[in-house]
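Trainee: Below are the sequence and a predicted model for it; my questions follow.
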Amino acid sequence: MTLAACGEKSQEDVIGNLEKKLSDMSGYKAKATMTLQTGKEPQQYEVEIWHQADSYYRVALTNEAKDQSQIILRNDDGVFVLTPTLNKSFRFQSDWPKNNSQFYLYDSLITDILTDPERTFTTNENHYVFQTNTNYQNKNLSKQEIALNKKDLTPATIKIMNHDFEVLVQVTFTEFDLNASFNEGDFDMERNMTGSQMSEVPTMAGEQLELVVHYPMYEPDGTELISSKTLKTEDGEKVVLTYGGDNSFTLIQEVSRAVPASTMMNVSGGELVDLGFTVGIMTDSSVMWSYDGVDFLLASNDLSKEEMMSIARSVYGVHEK
């Protein structure tokens, strides 16, 4: 056993301080850059995180390259997924973010550290570094390395890894305010919709964009594409890919379009799911999401929820019509 350097905190000291931070936490504001390595090329997102104790959350995810943004909101009325540029909002009755690990939420990261009896602890010049098991919806993301700034224990970088310790997601915090103040309405659904609409240009509203068909890079064993149909609708084309075999499913896609007025959809029996590159909505037999200007619906009576999420996360292959 080696003695801690002069002024250096032990793991027990840091754990005690984290427990106190979690119990005393009144809220925070943070900004981070999230890089995903789960597709054929890295994707980068800017993330803005607001949390006001105990249960108000606002997470804004923006991908400049894909001209895509979403807001996940939790307030007294429920959990919302907002896409302001398309005037679309979905409401859930959900335990989010308490039901799974969340790699951009400080309180969730602290909880992962405190509750993992197998955690490991190291230090470097500027950081205390914990490696823990995770509780993510994506079971491939099984380990994480959490580097905390020594001066105030705020998060510096988070690396989420698979079983082979390959980094699939990295979150680098660029700003962190532990004494953040909030205004009335900061977590209000309508205000977030209109405020974000004013700062964004709805590129897809009123435009006839050509549909670029996407294909899943992952197919369950015993499954193959058996048909591809293009249907003409009042709103444009809709492509239906049908996969047959032991684990059959259907993937429907169409160009995302802004609706004329803000439209609230209540999702009963559905849950918010993290697909990495976007947030989706899952039921027992389907998962739907929007990405890169396209709305997707994957439906199956054969697949488990985990298999549906695995397929959805792999839909980045394209074939231009």
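Mentor: Yes, it's here.
Trainee: can you map out the strands along the stretch 101-250 of the chain?
Mentor: Taking DSSP state E, counting those that start in this stretch as the criterion, the stretch 101-250 of the chain contains strands spanning 120-123, 127-133, 143-149, 155-161, 167-177, 213-216, 223-233, 236-245, 249-255.
Trainee: okay, those strands in JSON lines with mean pLDDT, mean neighbour count and distance to residue 285 next?
Mentor: Any C-beta I mention is one placed from the backbone N, CA and C, and that applies to glycine too. Listed next are the strands of the stretch 101-250 of the chain as JSON lines, based on pLDDT from 0 to 100; neighbours: other C-beta atoms under 10 Å; distance: least, C-beta to C-beta, whole Å:
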{"stretch": "strand 120-123", "mean pLDDT": "97", "mean neighbour count": "14", "distance to residue 285": "40"}
{"stretch": "strand 127-133", "mean pLDDT": "97", "mean neighbour count": "19", "distance to residue 285": "30"}
{"stretch": "strand 143-149", "mean pLDDT": "97", "mean neighbour count": "20", "distance to residue 285": "31"}
{"stretch": "strand 155-161", "mean pLDDT": "97", "mean neighbour count": "21", "distance to residue 285": "28"}
{"stretch": "strand 167-177", "mean pLDDT": "96", "mean neighbour count": "17", "distance to residue 285": "27"}
{"stretch": "strand 213-216", "mean pLDDT": "93", "mean neighbour count": "18", "distance to residue 285": "17"}
{"stretch": "strand 223-233", "mean pLDDT": "95", "mean neighbour count": "11", "distance to residue 285": "16"}
{"stretch": "strand 236-245", "mean pLDDT": "95", "mean neighbour count": "16", "distance to residue 285": "15"}
{"stretch": "strand 249-255", "mean pLDDT": "96", "mean neighbour count": "20", "distance to residue 285": "10"}
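Trainee: Could you measure from the residue nearest to the spatial centre of the chain over to residue 259?
Mentor: Closest residue to the average C-alpha location of the chain: residue 274 at 4.3 Å, with C-alpha atoms, centre = their mean. Using C-beta to C-beta, to the nearest Å, residue 274 is found at 25 Å from residue 259.
Trainee: can you check residue 73 too?
Mentor: Residue 73 sits 18 Å away from residue 259, going by C-beta to C-beta.
Trainee: Between these two, point out the one with more neighbours.
Mentor: residue 73 (24 against 10; other C-beta atoms under 10 Å).
Trainee: How is this protein divided into domains?
Mentor: 11-199, 213-319 (automatic domain parsing).
Trainee: which SSE is residue 15 in?
Mentor: helix 11-24 (DSSP states H and E).
Trainee: Packing partners of the following helix or strand past that helix?
Mentor: With elements assigned by DSSP H and E, the helix or strand that comes after helix 11-24 is strand 27-36. With contacts taken as 3 or more C-beta pairs under 8 Å, 6 or more residues apart in numbering; DSSP states H and E, strand 27-36 sits against strand 43-52, strand 167-177.
Trainee: Tell me what angle the longest one forms with strand 155-161.
Mentor: Orientation of strand 167-177 against strand 155-161 (axes from the mean of the first three to the mean of the last three C-alpha atoms, to 10 degrees) gives an angle of 160 degrees.
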